[in-house]
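Peer 1: Return atomic coordinates for the entry below.
(one chain, ligands or ions: 3)
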Amino acid sequence: MAEDKIKTSEPQKGVESSNLQWAPQAWAHLELVRSKSPLIQCITNFVSMDFMANTLLSAGASPAMIHSVDEIPEFTPKTLGVCINMGTLTPDWLPGMKLAAEVANQCKKPWVLDPVAAGGTSFRLKACLEMMNFRPSVVRGNGSEILALFKGSVDSNSKGVDSVYGSGDAVEAAKSLAQQSGSVVAVSGAVDYITDGDRVVCVHNGVPMLQTITATGCSVTALIAAFLAVDPSHAVEATASALAIFGVASEIGMDMARGPASLRTSLIDSLYGLDEATALGRVRISCL
Ligand SMILES: Nc1ncnc2c1ncn2[C@@H]1O[C@H](COP(=O)(O)OP(=O)(O)O)[C@@H](O)[C@H]1O
Ligand SMILES: Cc1ncsc1CCOP(=O)(O)O
Ligand SMILES: [Mg+2]
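Peer 2: Ligands and ions are numbered 1, 2, ... in the order given. Alright, predicted model coming up:
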């Protein structure tokens, strides 16, 4: 059973030794998503809706882009996980986002926050910080977004949804943010860092061309929600697995791609077709 492969023991140091534990665990999480097909509610931006839904479907999950405040009390309790993304935020979307987070918490369902461009404007920063008060199970952002949440200030150098910092620049901020908020914090980039404020897990999978396809960050956040939905009590492990599997799918997709447009397609195909031997051979996870 896939559940048997999900270990909770303390991680070891170094990529090679850690992989003995983490790679089978990442595969086990993907197998669980495929077998349980969790219903994931996504309240997300208009740019990402299609790619996010297709990412979830190709992993075996069942996405629903349902955001009306009128439907949330009835629909959110039926889900196994919720993804809330601030990408194309307007004031009228916020009450639904807050209600979905509240209902998810009441129903003890995991929910994941993507604080897109958190440091871009004061309106957006305030909204992201308000969402943090609902204590997401996981918050996943790029370096700029995690630094903005930690500092609680707008970044005058912000490039909007794109990061002006590497993920490594935000590791200490991520640890402090996790300690203050009680959420697991994931910073994505060339290396993805996942922390609960104590442990820091590093995912080394992925390809630089992911930065040239819009909504890859949004979609991997939704994938985190799906992995968390099948293993809600191990948020660090499920988050690392989702980031590693998405990264592996991009690496295999890269072998077939001619550029960003074809990578977008081949990534989805690779995620759908990923097998155990390939996952075990490619997942690269270590601990700081
Ligand atoms: N330089 C890189 N090398 C490999 N993978 C990367 C690189 N930059 C980003 N990624 C991957 O791309 C995905 C999106 O991350 P990121 O670009 O940081 O998010 P966002 O799109 O929200 O800014 C993640 O899976 C991350 O691991
Ligand atoms: C371009 C853009 N503008 C508002 S949301 C969005 C998508 C951002 O996607 P990602 O954060 O995954 O790059
Ligand atoms: Mg993003």
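Peer 1: Three-state assignment for the residue of the stretch 51-200 of the chain found nearest ligand 2, please.
Peer 2: For the stretch 51-200 of the chain and ligand 2, the shortest gap (C-beta to the nearest ligand atom) falls at Gly87, measuring 2.9 Å. (Glycine included, C-beta is placed from N, CA and C.) Assigned by DSSP: H, G, I helix; E, B strand; the rest coil, the conformation of Gly87 is coil.
Peer 1: Next, it: phi, psi?
Peer 2: In terms of degrees, to the nearest 10, the main-chain angles of Gly87 are phi -50, psi -50.
Peer 1: was I right about it contacting Ser48?
Peer 2: Yes. Using C-beta atoms under 8 Å, Gly87 is in contact with Ser48, at 6.3 Å.
Peer 1: Could you count how many residues lie near the closest residue to Gly182 other than its chain neighbours?
Peer 2: Excluding its sequence neighbours, the residue lying closest to Gly182 (C-beta to C-beta, 6 or more residues apart in numbering) is Arg135, at 5.5 Å. Residues near Arg135, counting by other C-beta atoms under 10 Å, number 14.
Peer 1: quick one: the residue nearest to the spatial centre of the chain and ligand 2, what's the gap?
Peer 2: Centroid check for the chain by C-alpha atoms, centre = their mean gives Thr221 as the closest residue, at 2.5 Å. To ligand 2, Thr221 is 8 Å away according to C-beta to the nearest ligand atom, to the nearest Å.
Peer 1: The closest residue to ligand 1 within the stretch 151-288 of the chain: how many residues sit nearby?
Peer 2: Using C-beta to the nearest ligand atom, Gly217 is the residue of the stretch 151-288 of the chain that sits closest to ligand 1, at 2.1 Å. Neighbourhood size, Gly217 [other C-beta under 10 Å]: 24.
Peer 1: was I right about it contacting Ser144?
Peer 2: No. Using C-beta under 8 Å, Gly217 makes no contact with Ser144, being 11.2 Å away.
Peer 1: Return the residues of the stretch 151-288 of the chain in contact with ligand 1.
Peer 2: By C-beta under 6 Å from any ligand atom, the residues of the stretch 151-288 of the chain that approach ligand 1 are 162-163, 188-190, 192, 206-208, 210-211, 216-217, 220, 243, 246-247.
Peer 1: which residues are in contact with both of Gly87 and Ser48?
Peer 2: Residues touching both Gly87 and Ser48 (C-beta atoms under 8 Å, 6 or more residues apart in numbering) are Cys218.
Peer 1: Quick one: distance of stretch 241-259 to the chain centre.
Peer 2: From the chain centre to the centre of stretch 241-259 is a distance of 15 Å (C-alpha atoms, centre = their mean, to the nearest Å).
Peer 1: average model confidence for that stretch?
Peer 2: Averaging pLDDT along stretch 241-259 yields 98.
Peer 1: Please apply the same query to stretch 83-94.
Peer 2: Mean predicted lDDT for stretch 83-94 stands at 98.
Peer 1: Which residue ranges of the stretch 151-288 of the chain form helices?
Peer 2: 171-181, 216-230, 235-256, 260-273, 276-282 (DSSP state H, counting those that start in this stretch).
Peer 1: mind showing which ranges of the chain have poor pLDDT?
Peer 2: By pLDDT under 70, the weakly predicted segments of the chain are 1-18.
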